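# show me the folded form of this:
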Amino acid sequence: MINLDLYAPLMLPKEELFTSGHRACQGCAEALAVRIVCKALGRNSIVAMATGCMEIVSSPLPTTAWQIPWIHVAFENAAAVASGVESGLKALMRKGRLPHKKITIAGMAGDGGTADIGLQALSGAMERGHDMIFVCYDNEAYMNTGIQRSSATPFGASTTTSPAGKVKAGQETWKKNMPEIMAAHGIPYVATACSAYPIDLYEKVKRAALVKGPAYVHCLSVCPTGWRIPSGDAIRYGRLAVETAAFPLYEVIDGKYQLTFDSPKLKPITDYFKGQGRFRHLTPEAVARIQERITRDYEKLRAKCENVNK
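Here you go, the predicted model:
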């Protein structure tokens with residue numbers, strides 16, 4: 001059970017634990033997300049990060065952007081390594097070889113290392129109840145290796161392995177709902193976030209750190225390169241994703257749902273699609289189909305939140 005009285009929202013700390021000098025693309029909202037998450041985790045933390053964009057850009061030998069203990073692991077096992085670190089520290093403290101203190105353990109991966117390649121290890125860590133946080137930085141494709149589709153790629157998006165053409169109109173499956181999959185594990189805390197809403201992201205990671213047991217934060221991280229948008233528009237598109245409910249912001253605390261952003265009137269999905277090269281091929285019929293699905297899913301989510309509050 002989270003005691004929210006222990007936490008009062010603050011301005012973001014000035015200390016940088018993920019520093020400048022990394023080699024992320026211009027306008028990368030994932031680098032911004034990592035920076036904010038590290039501020040929330042604090043210096044007394046350890047990170048296990050899967051292979052992906054952030055691992056590549058942040059640690060070219062002999063330099064590093066990380067100012068906290070950081071472990072680069074294989075694509076598929078960030079959650080397994082994080083859970084092993086948590087178990088090892090617990091054992092060392094129990095045996096008196098380390099002082100008893102709070103050390104926040106975080107696993108981090110992109111959508112490929114979370115929803116696809118790393119799902120088995122992540123599910124196991126959540127099911128076993130390890131005292132750790134897992135953060136998914138979701139840029140909706142395998143951006144680091146050439147913009148290939150993942151199971152988090154939205155329906156209709158064009159990627160190098162789900163290209164739009166005469167036969168197919170991009171991605172043919174709907175985005176995997178990882179937050180709901182994590183909530184189904186019965187863990188104490190699940191949240192969605194976006195670096196376009198930095199204070200909300202910071203607060204959610206801080207709350208996750210208060211949890212005794214596993215916590216999961218799914219962060220939409222706009223990728224100008226893969227989404228084919230101008231490098232200065234990442235924040236604008238992150239906000240549009242939320243304002244159209246393409247990516248709603250909510251928390252699941254001990255099984256209870258609550259929206260952290262809710263608009264009386266959502267913007268149409270066309271506002272979000274406009275200007276994104278990955279969606280420029282969509283026909284009006286395809287856009288209407290997507291809008292219908294988004295509206296239906298959002299109403300289901302709102303109903304869960306309203307039922308909890310009754």
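
# CA atoms for contacts and neighbours, from now on please.
Fine.

# now do the buried residues in the helix or strand hosting residue 82.
Residue 82 belongs to helix 78-94 when assigned by DSSP states H and E. With burial defined by 16 or more other CA atoms under 10 Å, the residues of helix 78-94 counted as buried are 78-83, 85-86, 89-90.

# equivalent analysis for stretch 112-127, please.
The neighbour-count check on stretch 112-127 (16+ other CA under 10 Å) flags 112-119, 121-123, 125-126 as buried.

# any chance of those in JSON lines, plus secondary structure and pLDDT?
As requested, the buried residues of stretch 112-127 are exported to JSON lines (DSSP: H, G, I helix; E, B strand; the rest coil; pLDDT from 0 to 100):
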{"residue": "112", "secondary structure": "helix", "pLDDT": "97"}
{"residue": "113", "secondary structure": "helix", "pLDDT": "97"}
{"residue": "114", "secondary structure": "helix", "pLDDT": "98"}
{"residue": "115", "secondary structure": "helix", "pLDDT": "98"}
{"residue": "116", "secondary structure": "helix", "pLDDT": "98"}
{"residue": "117", "secondary structure": "coil", "pLDDT": "96"}
{"residue": "118", "secondary structure": "coil", "pLDDT": "97"}
{"residue": "119", "secondary structure": "helix", "pLDDT": "98"}
{"residue": "121", "secondary structure": "helix", "pLDDT": "98"}
{"residue": "122", "secondary structure": "helix", "pLDDT": "98"}
{"residue": "123", "secondary structure": "helix", "pLDDT": "98"}
{"residue": "125", "secondary structure": "helix", "pLDDT": "98"}
{"residue": "126", "secondary structure": "helix", "pLDDT": "98"}
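
# what is the nearest of these to residue 235?
residue 112 (22.1 Å; CA to CA).

# OK, contacts around the closest one?
Applying CA atoms under 8 Å, 6 or more residues apart in numbering, we find residue 112 in contact with 118, 141-142, 150-152.

# okay, the residues you listed in CSV with distance to residue 273 and secondary structure next?
Formatted as CSV, the contacts of residue 112 follow (distance: CA to CA, whole Å; DSSP: H, G, I helix; E, B strand; the rest coil):
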residue, distance to residue 273, secondary structure
118, 29, coil
141, 16, coil
142, 20, strand
150, 19, coil
151, 19, coil
152, 17, coil
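
# please identify which two of these are farthest apart in space.
118 and 141 (14.3 Å).

# which residues touch the spatially closest residue to residue 266 that is not a sequence neighbour?
Counting by CA to CA, 6 or more residues apart in numbering, residue 266 lies nearest to residue 244, which is 5.2 Å off, once chain neighbours are set aside. Taking CA under 8 Å, 6+ apart as the criterion, residue 244 is in contact with 266-269, 271-272.

# so how far is residue 273 from residue 244?
10 Å (CA to CA, to the nearest Å).

# likewise for residue 75?
Separation of residue 75 from residue 273 (CA to CA): 30 Å.

# please apply the same query to residue 100.
50 Å.

# settle it for me: which of those two has more neighbours?
residue 273 (18 against 12; other CA atoms under 10 Å).

# give me phi/psi at the more buried one?
The phi/psi pair for residue 273 (degrees, to the nearest 10) reads phi -70, psi -30.

# low-confidence stretches in the stretch 201-310 of the chain?
308-310 (pLDDT under 70).

# what about the strands in it?
Ranges of strands within the stretch 201-310 of the chain are 215-220, 250-253, 256-259, based on DSSP state E, counting those that start in this stretch.

# OK, contacts around the residue lying closest to residue 205 once chain neighbours are set aside?
With CA to CA, 6+ apart as the criterion, residue 205 has its nearest non-adjacent residue at 5.9 Å, and that residue is residue 40. Each residue near residue 40 by CA under 8 Å, 6+ apart is listed here: 202-203, 205-206.

# which of these fall in helices?
202-203, 205-206 (DSSP state H).

# residue 137: which of the residues you listed is nearest?
Compare each of the ones in helices among the contacts of residue 40 with residue 137 using CA to CA and the shortest gap goes to residue 205, at 12.8 Å.

# so who does that closest one touch?
Per CA under 8 Å, 6+ apart, neighbours of residue 205: 37, 40-41, 217.

# show me the residues you listed that map onto strands.
residue 217 (DSSP state E).

# run a quick neighbour tally on residue 296.
Close neighbours of residue 296, defined as other CA under 10 Å, add up to 11.
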